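Chemist: let me see the structure of the following:
(chains A and B)
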Amino acid sequence: MIDTEPIAVALKFGFLAVLYLFLFWVSRSALRELRRTAAPAPEATGFHAVGPGGRAAATDAYLVAVRGGGLPPDARYDLFGGLSIGRSTEADVRIEDRFASAIHARLYSRGASYYVEDMNSTNGTFLNGAQLDGEAELSDLDEIRIGDTELRFELRLPGDD
Amino acid sequence: MSARNRELLALVPVAVLLIAGFTAVFITRSDEIGDLSLIYGGYFFALCLVAHLFLRFRLPHADPYLFPLCALLAAIGLVVIYRIKDDLAFDQASVFVLGLVLFCLTIVLLSDYNVLERYRYLIATAGILLLLGPFITRNQVNGAYLSVDIGPISFQPAELAKICIVIFLASYLAEKREMLSVAARRIAGLTIPPLKHFGPLLVVWGAAMLMLVFIRDLGSSLMFFGAFLALLYVATGRLSYVLIGLAMFAIGSLVLGNNISHVHDRFEIWLDPFAGNAPEGAGQIQQSLFAQADGGLFGQGLGESLLKLPGPFAPDCQQPFPECGSILPTPHTDFIYAVITMELGLFGACAVILIYALIAARGFKTAVMAPDGFSKLLAAGLTAIFALQAFVIIGGVTKVIPLTGVTLPFVSFGGSSIVANMILLALLLLVSDRARRPPPEPSQPGPTDLERAPA
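Modeler: I've put the predicted structure just below:
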């Protein structure tokens, strides 16, 4: 008969030691992973932190539907660094407009600025009432018109909710 | 090291802990060291290995730590339940096998979990009907309608209902979150969401809440409410909605607390369990607190505590434990956390809380990495309700919040809890696999979030 008392004590502390070592290992690799993928979250909830395909998204600008195109009024579309507007289902913002081309225009960001570019559409894209020639830089509250559809570009201001 | 190799490596210490735990229990029980603990450890490791190989085959990119962390909880649960009564541990082990089968089935059947979005109203209805089940069969235990008895099987529908409700909330909010956060009006400094979009959400949530009041499952209703607020916050990013929700909850609890006697009693006990005029049932929390204090820093050691003395809950009990005659009420289900504190001490109990915290961290990480709105909300909601369940019961047993009976996920004895949480884990791993999958081709100007959003 061997004395089991020391073994019981060793097991009691050994159990806790292994448990904590294991948890330490898990949390350390979790931390390392966190640091590797660390990117400033643009929103508190991180909902838009990473777009599809792992792109970091710029969510500081919106495209807002004003009138027409079968879009719900005041619908907002995050720019995510860029999106396309057109009649085709391939377009990011699909508009029902007889005068719109399949991919009519696109918005994209370069550096800190946003640009709108006409994609060789049949009927042209209008920026603040003037027909767009190629591309132009966007500023806050610019009006974009495609056929009968009106859209507005809005910057997200630092104080906004 | 790849994700799956990490998972395999992490399962080794889990099995070692199980073996150490069983050995400690055997030593205290019969002063013997046999090979039985190694055999149990072998079975456990073999089961984990089966699940691991399945994951390696089906979900190669899923989070490597979620499964081992849950297995660790299960191992601690099995050891503590075996220490309470060995028959129960064998039942629990067979439930784990069943849970593992359902775990694999969920992963196979819902490999494209986006189909859940299409059936969201069906799933919500199923969840509410599940909650209603015990009320219809009039199966009342301790003043609450908790379980449905079908032949020899008794199961707690609230456990499955929680998954249904989370799926509904996630899919609904994924579609309407922009409506909820953008088309809102501001009244008196508070943002009020438009009723048109908020209505269906309130109806389904209200139905679930009402039912919980009627079937009197307070713990689950707390969980559901918390998950609802968490999802609303994740979807809209508006703190004001959470504040409105908390205010609604405070008003609701005041009204219910003053009008429903058993809620009022729970509240009184929580305020002062040692008061001379404390309502009946205060003994439960008194014993729980004494038991935990008895654990000290490092605990009495597995199997060493005074759990089996003739307890205050049935002093004249002649029947074998656990029917009655323990110093703790229901030591294998609601109060298992008190047993853990008693035997593993403050350090062991903190480790258990740490495990839940790590699981929650992995879950929310999955939500952040998830590619589309529904996946994000699903992962966040499942994680939130899982963590809240652990909080509700640990908080109850340690007198942080009023005591309400829910199970400690993966640790407590109970078939429905294990099975439901295995399904929950399977869903979380499914989302995680898609989120962590490396992109098939280098990032081109790809589709945006809009295209993936349901029309």
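Chemist: distance check, residue B:372 against residue B:96.
Modeler: Per CB to CB, to the nearest Å, residue B:372 is found 32 Å from residue B:96. The C-beta positions use only the backbone N, C-alpha and C, and glycine is treated the same way.
Chemist: so which of these two has more stuff around it?
Modeler: Each of residue B:372 and residue B:96 has its neighbours counted (other CB atoms under 10 Å in any protein chain shown); residue B:96 has more, 24 against 19.
Chemist: shaky segments in chain B?
Modeler: B:138-146, B:149-153, B:178-179, B:181-197, B:200, B:208-209, B:211-212, B:308-325, B:440-455 (pLDDT under 70).
Chemist: residue 114 - how many residues pack around it?
Modeler: In the absence of a named chain, this looks at chain A. Close neighbours of residue A:114, defined as other CB under 10 Å, add up to 23.
Chemist: hmm, I had chain B in mind actually
Modeler: Residues lying near residue B:114 (other CB under 10 Å) number 15.
Chemist: quick one: the strands in the chain, in order.
Modeler: Reading this off chain A. Assigned by DSSP state E, chain A shows strands spanning A:61-67, A:76-78, A:82-86, A:93-94, A:105-110, A:113-118, A:125-127, A:130-131, A:135-138, A:143-146, A:149-155.
Chemist: the chain in question should be chain B.
Modeler: Here chain B has its strands, by DSSP E, at B:140-141, B:144-145, B:148-150, B:153-155, B:185-187, B:190-192.
Chemist: show me the contacts for residue A:108.
Modeler: Contact analysis of residue A:108 by CB atoms under 8 Å, 6 or more residues apart in numbering or on different chains lists A:81-82, A:114-115, A:117.
Chemist: dump those into JSON lines; add pLDDT and distance to residue B:255 as well.
Modeler: Below are these laid out as JSON lines (pLDDT from 0 to 100; distance: CB to CB, whole Å):
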{"residue": "A:81", "pLDDT": "64", "distance to residue B:255": "49"}
{"residue": "A:82", "pLDDT": "77", "distance to residue B:255": "51"}
{"residue": "A:114", "pLDDT": "84", "distance to residue B:255": "51"}
{"residue": "A:115", "pLDDT": "85", "distance to residue B:255": "56"}
{"residue": "A:117", "pLDDT": "86", "distance to residue B:255": "59"}
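Chemist: buried ones in stretch A:122-141?
Modeler: Neighbour-count burial for stretch A:122-141, with 16 or more other CB atoms under 10 Å in any protein chain shown as criterion, is recorded at A:124-127, A:132, A:135-136, A:138.
Chemist: what does it contact?
Modeler: For stretch A:122-141, the surrounding residues in contact (CB under 8 Å, 6+ apart) are A:99-101, A:104-105, A:107, A:113-118, A:142-147, A:152-155.
Chemist: of these, keep whichever come out buried.
Modeler: Neighbour counting by 16+ other CB under 10 Å classes A:99-101, A:104-105, A:107, A:114-118, A:142, A:144-147, A:152-155 among those as buried.
Chemist: tell me the contacts of the residue of the stretch 251-400 of chain B found nearest chain A?
Modeler: Taking CB to the nearest CB, chain A has its nearest neighbour within the stretch 251-400 of chain B at residue B:301, 4.2 Å off. Applying CB under 8 Å, 6+ apart, we find residue B:301 in contact with A:8-9, A:11-12, B:24, B:28, B:343.
Chemist: of these, grab the buried ones for ChimeraX.
Modeler: In ChimeraX, this line selects whichever of these come out buried by 16+ other CB under 10 Å:
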select /A:8,11,12 /B:24,28,343
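Chemist: tell me which of the contacts of residue B:301 is nearest to residue B:381?
Modeler: Proximity of these to residue B:381 (CB to CB) peaks at residue B:343, which lies at 33.8 Å.
Chemist: isn't the closest one right next to residue B:303, touching?
Modeler: Yes. Residue B:343 is in contact with residue B:303 according to CB atoms under 8 Å; the separation is 7.2 Å.
Chemist: touching both of those two, which residues are there?
Modeler: Common neighbours of residue B:343 and residue B:303 (CB under 8 Å, 6+ apart) are residue B:83.
Chemist: show me where pLDDT drops low in chain A?
Modeler: For chain A, applying pLDDT under 70 flags the ranges A:1-2, A:37-59, A:81, A:157-161.
Chemist: kindly recompute the last result at 90.
Modeler: A:1-13, A:28-143, A:145-150, A:152-161 (pLDDT under 90).
Chemist: neighbours of the nearest residue to residue B:415 once chain neighbours are set aside, how many?
Modeler: The shortest distance from residue B:415 to any non-neighbouring residue, by CB to CB, 6 or more residues apart in numbering or on different chains, is to residue B:95 (4.6 Å). Applying other CB under 10 Å, we find 18 residues neighbouring residue B:95.
Chemist: ok, now residue B:124?
Modeler: The burial count for residue B:124: 24, using other CB under 10 Å.
Chemist: that one and chain A, how far apart?
Modeler: 23 Å (CB to the nearest CB, to the nearest Å).
Chemist: what sits against that residue?
Modeler: Taking CB under 8 Å, 6+ apart, one finds B:164-165, B:168, B:204 in contact with residue B:124.
Chemist: now do residue B:16
Modeler: By CB under 8 Å, 6+ apart, the residues touching residue B:16 are A:18, B:41.
Chemist: please tell me how far it sits from residue B:203.
Modeler: According to CB to CB, residue B:16 and residue B:203 sit 50 Å apart.
Chemist: and residue B:378, by the same measure?
Modeler: 21 Å.
Chemist: neighbour-wise, which of those two wins?
Modeler: Per other CB under 10 Å, whichever of residue B:378 and residue B:203 has more neighbours is residue B:378, with 29 against 11.
Chemist: quick one: contacts for the more buried one?
Modeler: Going by CB under 8 Å, 6+ apart, residue B:378 touches B:113, B:116, B:166-167, B:170-171, B:370, B:427, B:431.
Chemist: switch the cut-off to 10 Å
Modeler: When contacts are counted by CB atoms under 10 Å, 6 or more residues apart in numbering or on different chains, residue B:378 touches B:113-114, B:116-117, B:166-167, B:169-171, B:174, B:231, B:366-367, B:370, B:372, B:427-428, B:430-431.
Chemist: of these, which fall within the contact range of chain A?
Modeler: Of the residues in the contacts of residue B:378, proximity to chain A by CB under 10 Å from any CB of the partner chain holds for B:367, B:370, B:372.
Chemist: next, the last one: phi, psi?
Modeler: In this entry, residue B:372 is assigned phi and psi values of phi -130, psi 170 (degrees, to the nearest 10).
Chemist: pretty sure it sits against residue B:175.
Modeler: No. Using CB atoms under 10 Å, residue B:372 is not in contact with residue B:175; the gap is 11.3 Å.
Chemist: excluding its backbone neighbours, what's nearest residue B:270?
Modeler: Closest to residue B:270 by CB to CB, 6+ apart is residue B:402, at 3.9 Å.
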